[in-house]
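# Task: produce atomic coordinates for the following.
(one chain, ligands or ions: 1)
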Amino acid sequence: MDDFDRFVNDLQREIDERTHALYSDKVLAEVRNPRNMSRMDAPDAYASVRGPCGDTMEMYLRLDGERIIEATFTTDGCGPTVASGSKLTTMVRGMSLAEADALTPDDLLAALDGLPAEHVHCAVLAVDTLHQALANQHP
Ligand code: FES
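Residues are numbered from 1 along each chain as shown. You can find the predicted model right below:
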């Protein structure tokens with residue numbers, strides 16, 4: 001291994017250590033392998049919300065009566081937003097509309113084992129988008 005390779009390896013290790021110090025294992029797992037990150041054809045409910053940072057999340061819901069049977073999302077936001085959308089769309093699957101509407105950013109943050117303070121708004125964006133979608137059902 002030459003000096004340059006060693007330098008790159010050391011740098012990568014340092015980045016990995018810092019990333020692990022900032023983010024929980026659950027957040028990192030969602031970012032590395034996001035679930036439900038796609039558009040949905042003909043959703044029963046949909047919303048697009050722009051957060052205070054300027055990033056946008058879209059959420060799509062498939063309903064069976066009063067129950068969510070499928071939820072997907074897209075975002076142009078940061079990794080914590082991807083983790084938030086992935087975790088939230090997984091959580092709401094099978095919930096009643098009332099249960100999903102009662103979810104709070106704190107519920108999502110607890111499910112992710114937290115986010116750094118400067119990224120709490122990313123979880124808020126995901127929950128806001130869910131609530132907007134629930135308010136925006138197509139009859
Ligand atoms: Fe914009 Fe996370 S959603 S920084």
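# Show me which residues of the helix or strand harbouring His131 are buried.
Per DSSP states H and E: His131 is located in helix 120-134. Residues 120-134 are the ones in helix 120-134 that count as buried (16 or more other Cβ atoms under 10 Å). (Glycine included, C-beta is placed from N, CA and C.)
# Which residue is the nearest non-sequential neighbour of Ser38?
Leaving out its chain neighbours, the residue that sits closest to Ser38 by Cβ to Cβ, 6 or more residues apart in numbering is Thr72, at 5.1 Å.
# filter the buried residues of helix 120-134 down to the ones close to the ligand.
Counting by Cβ under 6 Å from any ligand atom, 122, 125 from these sit close to the ligand.
# From the buried residues of helix 120-134, pick the one nearest Phe4.
Phe4 has its nearest neighbour among the buried residues of helix 120-134 in Cys122, at 35.4 Å by Cβ to Cβ.
# Pull the contacting residues for the closest one.
Cys122 makes contacts with 51, 53, 55, 77-78, 80-81, 83-84, 115, as judged by Cβ atoms under 8 Å, 6 or more residues apart in numbering.
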